[in-house]
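A.B. asks: Quick one, structure for this:
(one chain, ligands or ions: 1)
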Amino acid sequence: MNYMQVILQNLMSLTFSDVIDIAVVSFLIYQIVKLVRETSSTRIIRGVIILIAAMWLSSILQLTMVNYLFKAVLTWGIVVMAIVFQPELRRILERVGKSKLSTLMIRNDAIPMEESVIREMVHACSEMSWSRTGALIVFERKENLSDIIRTGTVVNADVKDELIRNIFYEGAPLHDGAMIIRDGRIHAAGCVLPLSPNMNLSKELGTRHRAAVGMSEKFDSLSLVVSEETGSISIAIDGKLQRHLVPEQLEEILRAELLVHDLDEERPDMDSSPSFFENLQDKLPGFGRKKK
Ligand SMILES: Nc1ncnc2c1ncn2[C@@H]1O[C@H](COP(=O)(O)OP(=O)(O)OP(=O)(O)O)[C@@H](O)[C@H]1O
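C.D. replies: Predicted structure coming up:
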């Protein structure tokens, strides 16, 4: 009761300038959280929060030396962060400089993926697999890929089989690099992805596959690859590459990973299924051979 009374008293004593004060601070905190979400630095920020929590805990438990160490790490960490986040900080300042409210706003919550997007995607990948057209497609999920999108060209078009094949058609201006699917639309193409430093990846895999894996190591996104050399379809999730998928398997994984109503269902376990190669020729006649 006492606690409630204190709260009520404080509320009653609020002045107009206090309300403005709280509103401005809330707005600033909201914008900072949104800007952090937009950059690829979310994980580092999470690390800093854990460090602050550990420092607080060590002070409560009176672990003097540990607390001193955390304080020192945090103090130097601020300097290091300013250097590491220099591009992000510059971008934030540029936005503030433009001072247009809309530019501070970050994208809305993701629009659920539609069935038709998966259908068009699977059809396009099957065709590109037949015709040995190399493709690299990334599906944005919770983690924002604006930093990656900035390296390419914004397309903002419906996901259509013909358009996907057109973009990756050899010689087309945007065929090099990756396509980004955001909110169920082809958002950008020709984007440059981070390469995976994983030394255990098969030596036969080139940079297209390495970029797909690298992307899935850094972000929660899903990357899809069609090999130009073999026509093989692969998917990278959480740094793991599932190779030699037939269209049915591709569709199954995309549905399980991307469709909202399928989110609670288990991911298809690619390891426990029979060898994909065993039935490959039956399921996809001509797989592994050039189309005549
Ligand atoms: N970092 C990257 N980001 C986006 N796309 C990339 C990246 N690296 C390579 N690519 C794409 O992959 C192409 C090169 O593929 P490369 O032959 O090296 O890879 P691969 O894994 O052997 O694929 P494939 O089996 O299709 O030949 C480039 O032309 C480019 O379109």
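A.B. asks: which residue packs closest to whichever residue of the stretch 1-150 of the chain sits closest to the ligand, ignoring adjacent ones?
C.D. replies: For the stretch 1-150 of the chain and the ligand, the shortest gap (C-beta to the nearest ligand atom) falls at Gly134, measuring 3.8 Å. All C-beta atoms are positioned from the backbone trio N, CA, C, and that covers glycine. Leaving aside its sequence neighbours, Gly134 sits nearest to Glu228 (C-beta to C-beta, 6 or more residues apart in numbering; 3.0 Å).
A.B. asks: My guess is the residue of the stretch 1-150 of the chain closest to the ligand contacts Ser227. True?
C.D. replies: Yes - under the criterion of C-beta atoms under 8 Å, Gly134 makes contact with Ser227 at 6.6 Å.
A.B. asks: Pull up the overlap in contacts between those two.
C.D. replies: Common contact partners of Gly134 and Ser227 (C-beta atoms under 8 Å, 6 or more residues apart in numbering): Arg208.
A.B. asks: So the two - more neighbours on which side?
C.D. replies: Set Gly134 next to Ser227 and count neighbours by other C-beta atoms under 10 Å: Ser227 wins out with 22 against 17.
A.B. asks: Quick check: that one vs Val80, distance?
C.D. replies: Distance, Ser227 to Val80, using C-beta to C-beta, to the nearest Å: 40 Å.
A.B. asks: Low-confidence regions, the stretch 151-292 of the chain specifically.
C.D. replies: 260-292 (pLDDT under 70).
A.B. asks: Helices along that one, start to end?
C.D. replies: Per DSSP state H, counting those that start in this stretch, the stretch 151-292 of the chain carries helices over the ranges 161-168, 207-218, 247-258, 280-283.
A.B. asks: would CSV of the ones you listed with distance to Ile237 be doable?
C.D. replies: Compiled in CSV, the helices of the stretch 151-292 of the chain are given as follows (distance: least, C-beta to C-beta, whole Å):
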stretch, distance to Ile237
helix 161-168, 20
helix 207-218, 5
helix 247-258, 7
helix 280-283, 21
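A.B. asks: in the one helix or strand Leu51 maps to, what counts as buried?
C.D. replies: Secondary structure from DSSP states H and E places Leu51 in helix 42-60. Within helix 42-60, the residues that qualify as buried are 42, 45, 54-55, 58, counting by 16 or more other C-beta atoms under 10 Å.
A.B. asks: quick one: it to helix 207-218, angle?
C.D. replies: Interaxial angle of helix 42-60 relative to helix 207-218 (axes from the mean of the first three to the mean of the last three C-alpha atoms, to 10 degrees): 30 degrees.
A.B. asks: If we ignore the residues flanking it in sequence, what's nearest Leu193?
C.D. replies: Spatially, and ignoring its direct neighbours in sequence, Leu193 is nearest to Ala211 (4.0 Å; C-beta to C-beta, 6+ apart).
A.B. asks: who touches that neighbour in this structure?
C.D. replies: Ala211 touches 136, 178, 193-196, 223, counting by C-beta under 8 Å, 6+ apart.
A.B. asks: how about TSV for those residues, with neighbour count and distance to Cys125 added?
C.D. replies: TSV is the format used below for the contacts of Ala211 (neighbours: other C-beta atoms under 10 Å; distance: C-beta to C-beta, whole Å):
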residue	neighbour count	distance to Cys125
Leu136	25	11
Ala178	27	14
Leu193	27	18
Pro194	16	23
Leu195	16	22
Ser196	23	21
Ser223	24	12
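A.B. asks: Going by distance to Leu258, which of these wins?
C.D. replies: Nearest to Leu258 among those is Ser223, at 12.4 Å by C-beta to C-beta.
A.B. asks: From Ala178, how far off is that closest one?
C.D. replies: Distance from Ser223 to Ala178, by C-beta to C-beta: 8 Å.
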